[in-house]
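Visitor: only geometry, no sequence info:
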């Protein structure tokens, strides 16, 4: 089976200083290549400055890449083609209370991606909104609510519903669960896993919580300062880490739990 | 002697809908050199408790208590000025987001020197240099080696981890007997988290500082704390020695917190469904009658509409009609 998403030598540089001749670059993301298959979860692990957020932003189209190739189902994904990208790759942000518009009803916000990207009529849109709300475990009545009327866990569900509106193939979750309370986080993780099973979604998960990564992901890529340090099957990497950086990351999380 | 002795502390909040209790009849005793962890999700009133102990509540909070004693002195009878000096010198607090607690308009050095003790015992011409020396010493102690550049910087130049350590250095300036740490590790990188844990642990071991550790993550504090209190919606759910609480969990809520936690070394099957409590945390205005956990509890029965009372067995207290271990004993 050919991979859903192929990334080939993708990199991102920022101009740091200098003129035309002695230009210096900050290498936020070194050339990186990976594949993502349908129904698979790929996790990126690393500390701040490891380049995972940059990668998430490039994949979701919020930032332009400096070079490299992104192939979606064998098709080259253009940097500028927002329409093609926005339908297939969607993002879930860290904090739903800031990523949702506080002045618009949930229904309107969910409708928006359909309005911009499809030619569905009002009834059809309404139907899709209700469908995706029920899919994430909310009621159709929630469409008339404003974000502040919902609890934090429900808001994250709305964020997931909004990401699912265009029936994407890939969801990018950048620290999507780190702000949630323990019991609500478990609910959201369950929801994401059941959606994956149901719809065959592929997830790209960025997290510093290795417990979450272990539970949700099939493969993991460990990054340090924009470079890939180690990659492989999650279980294998966590049980037998090869690189000293991975070992350190794992030890630090264990340290807190086992004393 | 008990360092901190709180009995039946009730904190009420004024909201547009009326006055609601955010924390109800909460009791805690903290001995010298003890680490006590307060665990609860958002809205459980744990941060309010810390503020009530320090006496920095705002106008819409009302604090009542049968006893609120600091080393035998009644804190509720103290004047605001007395409590203020107590807060600076004997109780130190590390706030939730340290980066936002620093004054953005002043350099770190200025703010740090301001927090140093007055050193009235020294002649006036030596005080300044001694305070500076102490500030540098504390920075080194918390693991910031380059004091020169750090002190010249503004708060927004620092990373979260550095800001945290600066706050910790300020907290340690007066050699406090109690440090109240309100979620000191949330939002930090795992390496910084480990450093903060290590530092607090060192303070506790070497200087005998008592720590009241407020956290939302039961697993993270479990092995570290001597005693744990689990809060939910303003009520104490379970409290006891941490080892006992973990091994003989009595309350369904504690069990749920332990089960839904994810650890890198857990043996749970990958991508399996996690045991999670149903529903969300009820808001303050719509607390359920009877047991606060009732509507979300997987073991709820008809009797749970009556509010349960705290029962205690050799220092292990829990608030549940049908505690977990007991159930098995009765049936089998």
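Guide: Yep, that arrived. The model shown is predicted, which means the values in this text are computed figures rather than measured ones.

Visitor: got a list of what the nearest residue to residue A:193 once chain neighbours are set aside touches?
Guide: Nearest residue to residue A:193 in three dimensions, chain neighbours excluded: residue B:271, at 5.5 Å (Cβ to Cβ, 6 or more residues apart in numbering or on different chains). Every residue, glycine included, has its C-beta placed from N, CA and C. Listed by Cβ atoms under 8 Å, 6 or more residues apart in numbering or on different chains, the contact partners of residue B:271 are A:41, A:193, A:196, A:215-216.

Visitor: One more: residue B:200?
Guide: Neighbours of residue B:200 in contact, by Cβ under 8 Å, 6+ apart: B:179, B:181, B:184, B:211, B:213.

Visitor: ok, back up a step: okay if I get the contacts of residue B:271 as TSV plus pLDDT and secondary structure?
Guide: As requested, these are arranged in TSV below (pLDDT from 0 to 100; DSSP: H, G, I helix; E, B strand; the rest coil):
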residue	pLDDT	secondary structure
A:41	88	strand
A:193	87	helix
A:196	87	helix
A:215	84	helix
A:216	85	helix
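
Visitor: Can I get the residues you listed in JSON lines including neighbour count?
Guide: JSON lines is the format used below for the contacts of residue B:271 (neighbours: other Cβ atoms under 10 Å in any protein chain shown):
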{"residue": "A:41", "neighbour count": "25"}
{"residue": "A:193", "neighbour count": "19"}
{"residue": "A:196", "neighbour count": "19"}
{"residue": "A:215", "neighbour count": "23"}
{"residue": "A:216", "neighbour count": "23"}
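
Visitor: any idea how far the spatially most central residue of chain B lies from chain A?
Guide: By Cα atoms, centre = their mean, the mean C-alpha position of chain B lies nearest to residue B:214, the distance being 2.1 Å. Distance from residue B:214 to chain A, counting by Cβ to the nearest Cβ, to the nearest Å: 14 Å.

Visitor: part of a helix, is that residue?
Guide: No. Under the criterion used here (DSSP: H, G, I helix; E, B strand; the rest coil), residue B:214 is strand, not part of a helix.

Visitor: So which residues of the chain form strands?
Guide: Let's take chain A. Assigned strands in chain A, in chain order: A:5-17, A:24-36, A:41-45, A:67-72, A:75-76, A:89-92, A:170-174, A:202-206, A:219-224, A:227-233 (criterion: DSSP state E).

Visitor: switch to chain B, that's the one I care about
Guide: With DSSP E, the ranges of strands along chain B come out as B:2-15, B:18-31, B:35-40, B:61-64, B:67-70, B:73-74, B:91-94, B:178-182, B:210-215, B:227-232, B:235-241, B:310-313, B:316-319.

Visitor: mind putting the ones you listed in TSV, distance to residue A:226 and mean pLDDT included?
Guide: Formatted as TSV, the strands of chain B follow (distance: least, Cβ to Cβ, whole Å; pLDDT from 0 to 100):
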stretch	distance to residue A:226	mean pLDDT
strand B:2-15	46	86
strand B:18-31	45	85
strand B:35-40	37	88
strand B:61-64	47	85
strand B:67-70	50	85
strand B:73-74	56	84
strand B:91-94	32	86
strand B:178-182	33	88
strand B:210-215	32	88
strand B:227-232	40	88
strand B:235-241	45	86
strand B:310-313	53	83
strand B:316-319	49	85
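
Visitor: For the chain, which element, helix or strand, carries the lowest mean pLDDT?
Guide: Picked chain A for this. helix A:82-88 (a mean of 71; mean pLDDT, DSSP states H and E).

Visitor: Low-confidence stretches in the stretch 101-250 of chain B?
Guide: For the stretch 101-250 of chain B, residues meeting the criterion pLDDT under 70 lie at B:187.

Visitor: how about the residues of it near chain A?
Guide: Within the stretch 101-250 of chain B, the residues that sit near chain A (Cβ under 8 Å from any Cβ of the partner chain) are B:159, B:187, B:189-191, B:193-194, B:197, B:216-220, B:222-224.

Visitor: Now the buried members of those.
Guide: Using 16 or more other Cβ atoms under 10 Å in any protein chain shown as the burial test, those include B:187, B:189-191, B:193-194, B:197, B:216-220, B:222, B:224 as buried.

Visitor: any weak-confidence spans in the stretch 51-200 of chain A?
Guide: Using pLDDT under 70, the stretch 51-200 of chain A drops low at A:79-85.

Visitor: Show me which residues of it are close to chain B?
Guide: By Cβ under 8 Å from any Cβ, the residues of the stretch 51-200 of chain A that approach chain B are A:151-154, A:178, A:181-187, A:189-190, A:193-194, A:196.

Visitor: let's go with 10 Å and repeat that
Guide: By Cβ under 10 Å from any Cβ of the partner chain, the residues of the stretch 51-200 of chain A that approach chain B are A:150-154, A:157, A:175, A:177-194, A:196-197.

Visitor: Filter these down to the ones in helices?
Guide: Judged by DSSP state H, helices contain the following of those: A:152-154, A:157, A:182-194, A:196-197.

Visitor: Please, a ChimeraX command that selects the buried ones among these?
Guide: Burial among those is assessed by 16+ other Cβ under 10 Å; the matching ChimeraX selection reads:
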select /A:152,153,154,157,182,183,184,185,186,187,188,189,190,191,192,193,196
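
Visitor: what number of residues lie near residue B:176?
Guide: Counted with other Cβ atoms under 10 Å in any protein chain shown, the neighbours of residue B:176 add up to 21.

Visitor: residues contacting it?
Guide: B:86-93, B:203, B:207, B:209-210 (Cβ atoms under 10 Å, 6 or more residues apart in numbering or on different chains).
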